[in-house]
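[1] Any chance you can model this:
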Amino acid sequence: MTYLGHATVMLELDGVRIVTDPILVDRLGPLRRSGPAPDPATIGTVDGIVISHAHPDHFHRASLRALEGQPVVVLPFGLGARLARSGDSLRELTVDEGCDIGGVRVTAVPARHGRWPLHPGVRALGYLIEGSTSVYFAGDTAIHPAMAGLAGRVHVALLPVGRWGPPRGPVRLTPASAADAARRVGARSAIPIHWGTLYLPGFGGGRWGWGSFDAGDAFATEAAARLPELDVRVLQPGEATDFETMPPRSTWAPAAT
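    Here you go, the predicted structure:
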């Protein structure tokens, strides 16, 4: 897995390459990016893209079009019309629906997050991505009861831990609640995402002062106190890490919730 910044992660699983919520630009409206944007040519050909919700920092059509290959685009039901002219293969999902990308299964799971006013009928989703190991991509979410239903099925959890804007924005995880989310889904490993990337110039010395740029380390600290057995890997944008595959799902022991 390679953390490309914000909620964008490249997963390479069983020969299938999937990118989550691609944002590959230096600026997004008033927001600026810390460090260079990922180069699509360096990312290479991808087989799939998963989109968690309609907010512009997660659903960015120019970044979708920039990725190489003919990827299957998986996104919440009702959002596909916005890509109807892209030529991509689309799979619109609701909760508990799934599709296959190569030998990898992608299943939509619940998320709790605000809806984008331009697409009020499109709900936020998370995804369970399953092959020889299992990855929970939370997208953008707060704690919710349905997380417990994933216990025993998650090896690696990709959990949002930071924000670029003020606390009054849409509900989402904090470093502390992300540690609780890892416990609820029974994750064995976790990578913090949605931090250290976007900022609003002119606030907090050029970065909005709500902790986004130290949120990865804050999550590691919270997890060490609340869930010391969790394997936390804090990646800077552009850094990668490898995981061993999990045993067959039938032998996984459900985690306490």
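[2] Now do the helices in this structure.
    40-43, 61-66, 175-185, 215-226 (DSSP state H).
[3] would you list these in JSON lines and tack on mean neighbour count and distance to residue 153?
    From N, CA and C alone the C-beta is placed, and that goes for glycine too. Conversion of the helices of the chain to JSON lines gives the following (neighbours: other C-beta atoms under 10 Å; distance: least, C-beta to C-beta, whole Å):
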{"stretch": "helix 40-43", "mean neighbour count": "14", "distance to residue 153": "28"}
{"stretch": "helix 61-66", "mean neighbour count": "16", "distance to residue 153": "28"}
{"stretch": "helix 175-185", "mean neighbour count": "23", "distance to residue 153": "8"}
{"stretch": "helix 215-226", "mean neighbour count": "19", "distance to residue 153": "20"}
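[4] export those to a markdown table and tack on distance to residue 91 and mean pLDDT?
    Shown next, in a markdown table, are the helices of the chain (distance: least, C-beta to C-beta, whole Å; pLDDT from 0 to 100):
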| stretch | distance to residue 91 | mean pLDDT |
| --- | --- | --- |
| helix 40-43 | 21 | 95 |
| helix 61-66 | 14 | 94 |
| helix 175-185 | 23 | 95 |
| helix 215-226 | 31 | 95 |
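[5] can you redo those as a markdown table with distance to residue 143?
    Shown next, in a markdown table, are the helices of the chain (distance: least, C-beta to C-beta, whole Å):
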| stretch | distance to residue 143 |
| --- | --- |
| helix 40-43 | 32 |
| helix 61-66 | 28 |
| helix 175-185 | 5 |
| helix 215-226 | 13 |
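[6] so which of these gets nearest residue 29?
    helix 61-66 (12.7 Å; C-beta to C-beta).
[7] got the contact list for that closest one?
    By C-beta atoms under 8 Å, 6 or more residues apart in numbering, the residues outside helix 61-66 that reach it are 22-25, 40, 49, 73, 82-83, 86, 88.
[8] let's see it at 10 Å
    8, 19, 21-25, 28, 37-41, 43, 49, 51, 60, 71, 73, 75, 82-83, 85-88 (C-beta atoms under 10 Å, 6 or more residues apart in numbering).
[9] just the buried members of those?
    Buried by 16 or more other C-beta atoms under 10 Å: 8, 19, 21-24, 28, 37-38, 40, 43, 49, 51, 60, 71, 73, 75, 82-83, 88, out of the contacts of helix 61-66.
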